[in-house]
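In: With the sequence up front, the predicted model follows.
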Amino acid sequence: MEQNSELNPELFEMVRTGKLTSAKIVALIFLKNLIDQYSSKPFLENEKLEEIKQKFGVYPDIMTWGDYFQTEIASKYFDQSDEKFQVIIDTIRFDLISAYLIFQGKPDNFTDRIRTEALIAKSIDSYLWSFENEENIHLEILLDYFENLGLAERPLPISEKIWYESFDLKNLVQAVV
């Protein structure tokens, strides 16, 4: 099963109906390639892929983590401006690098504490969340990225670290507002 670095076929109808601009398509292709570069774990195990092929006669269109992120982001945010859409892509990129930097080499008790604190925060009604509660839930999302994508298995490219260190969170917040 060869990985494709193009737009996922699941999104062709959105392109045909004008829901995805050329800027969004370029951003989505970038996102897919980035996620597939980072991930070392499969989105679907080979056994599951073969089971799907047996049942339906073809492999699914969403086969990699890059495919998954590409189709999810396109489906959820197609109605955003090109600028806000790019901010979403940059935020995911920033979060992937953050996940790597936060969790790489950390012991199990550190990640267990993250999960526990997020579980406690989730037990509180979201309108009562403190900043700390929101941060605990965000850390759990980053931990999920780290574990599910297998980020520990690949080194962080120097170019990504340079991009990360030059990333301007202030401009990100202003662009979203």
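Out: Nice, thanks for sending it over. Because the structure is a prediction, the values reported are computed rather than measured.

In: what's the burial count for residue 45?
Out: Residue 45 is flanked by 10 other residues according to other CB atoms under 10 Å. For every residue, glycine as well, the C-beta is placed using N, CA and C.

In: What pLDDT does the model give residue 173?
Out: For residue 173, the pLDDT comes out at 54.

In: My error: substitute residue 63 in the last question.
Out: 89.

In: which helices and strands does the longest helix along the chain pack with?
Out: Counting residues, the longest helix found in the chain (DSSP state H) is helix 82-103. Judged by 3 or more CB pairs under 8 Å, 6 or more residues apart in numbering; DSSP states H and E, the packing partners of helix 82-103 are helix 22-38, helix 65-77, helix 131-148, helix 158-166, helix 169-176.

In: pLDDT weak spots in this protein?
Out: 1-5, 169-177 (pLDDT under 70).

In: quick one on the thing from earlier: tell me which of the helices and strands packed on helix 82-103 sits nearest to residue 50.
Out: When the helices and strands packed on helix 82-103 are compared by CB to CB, helix 65-77 sits nearest residue 50, at 17.4 Å.

In: Point out the other helices and strands that the closest one packs with.
Out: Helix 65-77 packs on helix 22-38, helix 82-103, going by 3+ CB pairs under 8 Å, 6+ apart.

In: Export the ones you listed to JSON lines and append columns for mean neighbour count and distance to residue 109.
Out: Compiled in JSON lines, those are given as follows (neighbours: other CB atoms under 10 Å; distance: least, CB to CB, whole Å):
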{"stretch": "helix 22-38", "mean neighbour count": "19", "distance to residue 109": "25"}
{"stretch": "helix 82-103", "mean neighbour count": "17", "distance to residue 109": "13"}
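
In: how about those, which one is nearest residue 11?
Out: Proximity to residue 11 (CB to CB) singles out helix 22-38 among the helices and strands packed on helix 65-77, at 7.2 Å.

In: Next, the angle helix 131-148 makes with that closest one.
Out: 70 degrees (axes from the mean of the first three to the mean of the last three CA atoms, to 10 degrees).

In: Good, wrapping up.
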